[in-house]
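A.B. asks: Okay, predicted coordinates and the sequence, questions at the end:
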Amino acid sequence: MDNNYIVSARKYRPSTFQSVVGQKALTATLKNAIAANKLAHAYLFCGPRGVGKTSCARIFAKTINCLSPTPEGEACNACESCVAFNEQRSYNIRELDAASNNSVDDIRTLIEEVRIPPALGKYKVFIIDEVHMLSAAAFNAFLKTLEEPPQHAVFILATTERHKVLPTILSRCQVYDFARISVDDMVEHLAYVAGQEGITAEPESLNVIAQKADGGMRDALSIFDQAASYANGHITYRSVIDNLNILDYDYYFRLTEALLDGEVRESMLVLNEILGKGFDGQNVITGLAGHFRDLLVCRDPSTLVLFERGASVRERYKEMAARCSEAWLYAAIELANRCDLDFRLSRNKRLLLELTLIQICQIGQSPEGAVKKNA
């Protein structure tokens with residue numbers, strides 16, 4: 001066993017603005033503010049988990065204290081301040097997790113520290129993670145310091161739930177919204193990590209990992225590590241769907257084929273096969289609704305940008321999409337979505353699924369329903 005093993009999410013944590021994945025506009029704004037020496041004393045970083053909020057806060061803290069920044073506005077990583085940051089022994093950065101340190105006493109301790117100027121560098125940076133978890137009393141104790149901090153103090157507050165942050169805090173901060181990371185950006189970064197680690201990975205397998213991560217790079221890297229261990233260094237589409245227990249889209253194509261042809265029995269047999277593999281009925285129906293949605297966006301070149309599956313299966317989707325009328329897809333999505341909503345309350349869940357398939361089969365019986373194969 002390798003005692004020096006570091007999980008990818010930590011090993012490939014960005015250390016410069018350039019290496020932050022999927023937040024180009026935001027990192028450019030931060031770099032410009034540093035270059036122009038127009039720093040606010042309080043920032044609020046909002047966005048879903050694993051998109052780079054804390055990483056950007058740390059990079060920002062390191063860059064504003066760098067003694068000789070690069071022409072591109074990045075930290076040099078060589079000066080005394082940068083080295084101390086990289087070795088996690090800098091006194092200029094203080095991180096507080098508000099989820100577990102949310103009392104008035106915790107904030108008062110922090111306020112005491114704010115008064116002490118930095119020994120090296122110009123700024124002391126206080127990063128408060130999950131700031132919405134602070135108690136009301138802690139918020140109130142913090143307000144005055146946030147409004148009038150000493151010249152050397154910069155606060156970076158991070159939260160996944162902006163709506164829970166008090167308006168009095170919001171009004172004192174520059175607010176930055178971090179976007180969910182796109183599937184394409186994630187796949188590109190995962191391919192880079194795979195190359196660095198000497199792991200081979202099929203593009204389609206990385207696409208599945210990126211979709212499963214749902215916009216969070218940290219989640220994507222954790223799933224990637226799991227998939228790499230399972231596949232022993234050669235990640236294939238098949239190994240990923242087996243390991244993550246994801247339903248192969250091939251089943252959705254077979255189901256759609258049967259539904260388009262109005263083949264009730266065939267669609268019930270495919271469903272039986274899927275359920276026999278241990279997949280949850282609700283996941284099957286949400287997956288089918290998603291499949292219909294993907295077919296819908298593949299019908300028109302202008303909406304192809306909304307198709308987030310790998311390029312390798314795009315042609316297959318376009319081919320199937322050409323066989324479905326838009327009216328059929330609208331009705332099928334509506335029926336699948338209604339089944340999803342009714343699923344939890346249903347006493348006979350399998351019958352609900354089968355009934356939905358029967359209803360979708362019947363859409364195609366109307367003259368305007370499905371486009372015939374030889375149309």
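C.D. replies: Done, it's in. Residues are numbered from 1 along each chain as shown.

A.B. asks: what's the burial count for Ile181?
C.D. replies: Counted with other CB atoms under 10 Å, residues neighbouring Ile181 total 27. (Glycine included, C-beta is placed from N, CA and C.)

A.B. asks: ditto for Arg10
C.D. replies: 9.

A.B. asks: For Gly215, see how far away it is.
C.D. replies: 20 Å (CB to CB, to the nearest Å).

A.B. asks: do Ile116 as well
C.D. replies: Counting by CB to CB - Ile116 and Gly215 are separated by 39 Å.

A.B. asks: again, but for Ala141
C.D. replies: Distance from Ala141 to Gly215, by CB to CB: 34 Å.

A.B. asks: how about the helices of the stretch 101-250 of the chain, start to end?
C.D. replies: All helices of the stretch 101-250 of the chain, identified by DSSP state H, counting those that start in this stretch, fall at 104-114, 136-147, 167-170, 183-197, 203-213, 217-231, 237-243, 249-260.

A.B. asks: do you know which of those helices lies nearest Cys361?
C.D. replies: With CB to CB as the criterion, Cys361 lies closest to helix 249-260 of those, at 5.5 Å.

A.B. asks: Check which residues of the closest one are buried.
C.D. replies: Neighbour-count burial for helix 249-260 flags 249, 251-256, 258-260 (criterion: 16 or more other CB atoms under 10 Å).

A.B. asks: returning to that earlier point: now the helices of the stretch 101-250 of the chain in a markdown table, with distance to Ala321 and mean pLDDT?
C.D. replies: A markdown table is the format used below for the helices of the stretch 101-250 of the chain (distance: least, CB to CB, whole Å; pLDDT from 0 to 100):
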| stretch | distance to Ala321 | mean pLDDT |
| --- | --- | --- |
| helix 104-114 | 55 | 81 |
| helix 136-147 | 51 | 81 |
| helix 167-170 | 44 | 85 |
| helix 183-197 | 19 | 88 |
| helix 203-213 | 18 | 87 |
| helix 217-231 | 27 | 88 |
| helix 237-243 | 21 | 87 |
| helix 249-260 | 10 | 91 |
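
A.B. asks: Those into CSV, with extra columns for distance to Ser81?
C.D. replies: Formatted as CSV, those follow (distance: least, CB to CB, whole Å):
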stretch, distance to Ser81
helix 104-114, 18
helix 136-147, 24
helix 167-170, 29
helix 183-197, 27
helix 203-213, 34
helix 217-231, 27
helix 237-243, 42
helix 249-260, 50
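
A.B. asks: just checking, Leu353 touches Gly281?
C.D. replies: Yes - using CB atoms under 8 Å, Leu353 makes contact with Gly281 at a distance of 5.4 Å.

A.B. asks: quick one: low-confidence parts of the stretch 251-375 of the chain?
C.D. replies: For the stretch 251-375 of the chain, the stretches flagged by pLDDT under 70 are 364-375.

A.B. asks: Neighbour count: Ile116 and Gly215, which is higher?
C.D. replies: Gly215 (21 against 12).
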